[in-house]
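In: kindly return the folded structure for what I paste below:
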Amino acid sequence: MTAEAQLQDQPAAAASHVAPYSASYRRTPVKTLLLAADGGRSMVGKTLRVGGWVKTGREAGASAWAFLEVNDGSCFDSLQIMVDKEVAEEVGGLKKLVPTGTCVLIEGVLAQTPEGTKQAVELKAKKIIHLGPCDAATYPMAKKKQSMEFLREKAHLRSRTNTIGAVARIRNALAFATHSFFQENGFYYVHTPIITASDCEGAGEMFQVTSMLSKAKEHQGQPSVAQEDVQQLQQQVSLQGEAVKAAKAAAAADKQDAALAAAAKAEVDKLLALKTSLAKAEEAAKWIGGFKRTAAGDIDYSEDFFGKPAFLTVSGQLQGEYYACGLTNIYTFGPTFRAEDSHTSRHLAEFWMIEPEMAFCDLEDDMRCAEDYVRYCCRFVLERCRPDLQFIVRMIDPNAISRLEHVANSPFARCSYTQGIELLQKAIAEGRKFEDMDVHWGMDLGTEHERYLAEDVFKQPVIVYNYPKDIKAFYMRLNNDGKTVAAMDVLVPKVGELIGGSQREDREDVLQRRLQEMGINVDEAYLDLRRYGSVPHSGFGLGFERLIMFATGIDNIRDVIPFPRWSGNVSF
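Out: Now for the predicted structure:
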């Protein structure tokens, strides 16, 4: 029998309600029942198996039965399962089943609940297929509400909580929406490297990748050679060179004297020995602190794995541009890293970025793409994650759904940087207080200023464009006024800057001048794009975690990524 025939022969796999890769356990996902149009009523009377983790459990009827709220993560709501005492005896009694965190796989008959109850169906247990006990005395995830700080310390278990479970499903939906939007609009997904030799942001706050630390350990035990020792050996070599010249001259004057010839040879041997010692000393002197140094005293990276300094990427933009100038429209979606010693609620050391790059695209096209993408994501998550968002509204941010609906249905406002500065100065004149009151043209807007424009002035997302060139990156296209660049930021309520983008500088001579002005060196490959078939092109970058913060109202970025990394923390 073929593998295909064997699969078709399995009745469990043929059942549409069985999870495709839980066929051996015949497990039906909770969402198949609770998110069905009829709430699962059409399956009443069927024998099903449901597996997951007990959210809450309680004994009832003088311990004659127990009610379990079981959640498998497939949706926000849990399914109620009623277990009789007799059924529970097979696994040690009801007390084994009711602790929060217990894992169960239960076979039972789906029954309709009385009119007016929260859910249309519940499972009447007939058999316990699997029991993963949980010690209530030591299990850290109590039923009561816990702080987000505590949950970060228990990141391996926090996905079982209502909040983090909801955030995880919303994150998944937004990732799916990202790929859907760009694929539907003719973009190609490009994997840009995580290890790079370039710092496209020019920030310098990069994690270095090296294999030299293990080599440094090898040299730590070796005696160090001071520069004074090297200079002393150099003098000895010089003096010995003079001695060799004299001995050779004496031997040449009397070629019949074997003693003079032997003495000359001895002096040469002594010189060669000194030169060998000098070479070893010069090599040893290059190793300082376990690392080989150049003549200038810098670390010699020719000994390293890549033969040059290498880092974890802060952005895939430069490599994205390379492929956009051949495939026209591409996007990247991957992890990026920044060694910024920051402990704010907005910064992580490891985070995910979405970076499209588009050829034959100017700043106006770029702004429209950014707006369309954000609105698409809002519509997508509203459609796919309504129960999770309803929980968010009840427990975290009462305006989450209305904010998403407003963004999904409203065109974004547009505002030049100059107009934005004028609006902020007007607000200050009217009594508005900011932490940074020194608002002037040429400043980099702070989060408080960005949020004021989005939340108080426009009351919706706003795209600010044409920023001063001195506060933006080298690759942004210089405008005709010579003072501003074709850059744009999408500012949204709750977050501030969500997207940063620009039209890229496609004129080689202008780019060369900008690089010289800013004292930046780039790979020749980047300049080649302007030499060989240069094309107007644009792109933007979106911090994925900030998009999730915007959608959920979660205040701290550490709570919207499964395993956050920040200075001093690399747990799990």
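
In: could you use CA atoms for every contact and neighbour count after this?
Out: OK.

In: by contact count, what packs against whichever strand or helix holds K245?
Out: K245 is part of helix 227-253 when elements are defined by DSSP states H and E. With contacts defined as 3 or more C-alpha pairs under 8 Å, 6 or more residues apart in numbering; DSSP states H and E, helix 227-253 has these neighbours: helix 258-285.

In: re the thing from before, for the helix holding K245, which positions count as buried?
Out: For helix 227-253, the buried set under the neighbour-count rule, 16 or more other C-alpha atoms under 10 Å, comprises 230, 233-234, 236-237, 240-241, 243-244, 247-248, 250-251.

In: now it, how far from the chain's geometric center?
Out: 62 Å (C-alpha atoms, centre = their mean, to the nearest Å).

In: what angle sits between that helix and helix 258-285?
Out: Helix 227-253 and helix 258-285 are oriented at 160 degrees to each other (axes from the mean of the first three to the mean of the last three C-alpha atoms, to 10 degrees).

In: what's the mean pLDDT across helix 227-253?
Out: The average pLDDT within helix 227-253 is 88.

In: spatially central, which residue of the chain would that be?
Out: Closest to where the C-alpha atoms of the chain average out (C-alpha atoms, centre = their mean) is F351, at 2.2 Å.

In: just checking: what are the partner strands of the one helix or strand that residue maps to?
Out: Element membership for F351 (DSSP H and E) is strand 350-359. Sheet pairing for strand 350-359, assigned by DSSP bridges, gives strand 329-337 (antiparallel), strand 537-543 (antiparallel).

In: ok, residues contacting it?
Out: Strand 350-359 is contacted from outside by 315-317, 320-321, 324-325, 328-338, 535-545, 564-566, using C-alpha atoms under 8 Å, 6 or more residues apart in numbering.

In: swap in stretch 457-464?
Out: 367, 406-407, 412-417, 420, 453-454, 488-493.

In: go with 10 Å
Out: Stretch 457-464 is contacted by residues 367-368, 370-371, 374, 403, 406-407, 410-420, 423-424, 427, 450-455, 487-493, 496-500 when judged by C-alpha atoms under 10 Å, 6 or more residues apart in numbering.

In: out of the residues you listed, which are inside helices?
Out: Of the positions in the contacts of stretch 457-464, 367-368, 370-371, 374, 403, 406-407, 417-420, 423-424, 427, 450-451 sit in helices, assigned by DSSP state H.

In: the contacts of stretch 457-464, buried ones only, as a PyMOL selection?
Out: Of these, the buried ones can be selected in PyMOL as follows, counting by 16+ other C-alpha under 10 Å:
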select buried, resi 367+370+371+374+403+406+407+412+413+414+415+416+417+418+420+423+424+450+451+452+453+454+455+487+488+489+490+491+492+493+496+497+498+499+500
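
In: measure the residue nearest to K127 when sequence neighbours are not counted to R27 for me?
Out: Ranked by C-alpha to C-alpha, 6 or more residues apart in numbering and with sequence neighbours excluded, the top spatial neighbour of K127 is E107, at 5.2 Å. Separation of E107 from R27 (C-alpha to C-alpha, to the nearest Å): 9 Å.

In: common neighbours of these two, please.
Out: Shared contacts of E107 and R27 (C-alpha under 10 Å, 6+ apart): L48, R49, V50, G51.

In: closest to K95 among those residues?
Out: Nearest to K95 among those: G51, at 18.0 Å, using C-alpha to C-alpha.

In: bridging residues for that closest one?
Out: Beta-bridge pairing for G51 (DSSP bridges): L105.

In: my read: it touches R27, true?
Out: Yes - taking contacts as C-alpha atoms under 10 Å, G51 lies within contact range of R27: 6.4 Å.

In: now for the two: what residues contact both?
Out: By C-alpha under 10 Å, 6+ apart, the residues touching both G51 and R27 are L105, I106, E107.

In: buried ones among those?
Out: Counted by 16+ other C-alpha under 10 Å, the shared contacts of G51 and R27 give L105, I106, E107 as buried.

In: turn the strands paired with strand 350-359 into JSON lines, including mean neighbour count, distance to D506 and mean pLDDT.
Out: Formatted as JSON lines, the strands paired with strand 350-359 follow (neighbours: other C-alpha atoms under 10 Å; distance: least, C-alpha to C-alpha, whole Å; pLDDT from 0 to 100):
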{"stretch": "strand 329-337", "mean neighbour count": "23", "distance to D506": "16", "mean pLDDT": "97"}
{"stretch": "strand 537-543", "mean neighbour count": "25", "distance to D506": "7", "mean pLDDT": "97"}
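
In: nearest to Y139, out of those strands?
Out: strand 329-337 (32.3 Å).

In: alpha carbons of that closest one, in CSV - could you do that?
Out: Extracted in CSV, the C-alpha atoms of strand 329-337 (Å, rounded to 0.1, in the frame of the first residue of the first chain):
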residue,chain,number,x,y,z
ASN,A,329,9.7,45.4,-6.0
ILE,A,330,11.0,43.4,-3.0
TYR,A,331,10.6,43.3,0.8
THR,A,332,12.5,41.9,3.7
PHE,A,333,11.1,40.6,7.0
GLY,A,334,13.6,39.5,9.5
PRO,A,335,15.4,40.1,12.8
THR,A,336,17.7,43.1,13.2
PHE,A,337,20.0,44.0,16.1
